[in-house]
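Peer 1: got a sequence here, can you model it:
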Amino acid sequence: MIQDFNEIINKASGQIDQAASPGFEKFLRGKDEDSGSLYDSAIMRGDFLSAYSCLRGHMEEGELPFASLVYMDPPFLTGSDHTAPIKLRTENAVFKLERNAYSDKMDFHEYLVMIASALMAGRELLSDNGSLWIHLDSRAVHYAKVLADEIFGGRAHLMN
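Peer 2: Numbers count the residues shown, from 1 in each chain. Sure, this is the predicted structure:
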């Protein structure tokens, strides 16, 4: 088990080094009209490692860590695909459709590497007094806690 745990941490470390940032470049190119600098606060929605890579790529040397809050809502290890409802209205009717939202069909090892990668990236972004919140259910929270204890230290958590 310990060998598997070390392998998960090593793979996660490699994933955050290779993270790409498609989809976030345009969002971060907005500048404050007065100062010309990037916004002081931002909400980024999408793949966490892509957002992390984009933020890391835009920070000048010495500016990391900077986030006072990192919130993550990863998949819950359900083993299924998830859809989102869409309502289309016309003058005469309402159509209810579904679209694919995300897939949660990772194998267990792949899931743990994904969680560990997100935790490592989140730790790098956090300021000394920052907090990381991760939304999980009973299927995955205990695995994430063990990984977080390894990455942040065992006394660095608050749990509800």
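Peer 1: buried sites along stretch 66-82?
Peer 2: 67, 70, 72, 74-77 (16 or more other C-beta atoms under 10 Å). Placement of C-beta: from N, CA and C, glycine included.
Peer 1: need the worst-confidence member of the residues you listed.
Peer 2: Ranked by pLDDT, the buried residues of stretch 66-82 bottom out at residue 67 (79).
Peer 1: quick one, phi/psi of it?
Peer 2: Listed backbone geometry of residue 67 is phi -80, psi 130, with angles given as degrees, to the nearest 10.
Peer 1: now the strands for this protein?
Peer 2: Assigned by DSSP state E, the strands in the chain fall at 67-72, 81-89, 94-103, 126-134.
Peer 1: got the contact list for the spatially most central residue of the chain?
Peer 2: Taking C-alpha atoms, centre = their mean, the centroid of the chain lies closest to residue 48, which sits 3.0 Å from it. With contacts taken as C-beta atoms under 8 Å, 6 or more residues apart in numbering, residue 48 has the following neighbours: 72, 74, 118, 121-122.
Peer 1: how does it look with 10 Å?
Peer 2: Residue 48 makes contact with 16, 19, 70-74, 114, 117-119, 121-122 under the criterion C-beta atoms under 10 Å, 6 or more residues apart in numbering.
Peer 1: do residue 73 as well
Peer 2: When contacts are counted by C-beta under 10 Å, 6+ apart, residue 73 is found next to 45, 48, 133-136.
Peer 1: lowest-pLDDT helix or strand in this protein?
Peer 2: Confidence across the helices and strands of the chain bottoms out at helix 25-28, with a mean of 46, counting by mean pLDDT, DSSP states H and E.
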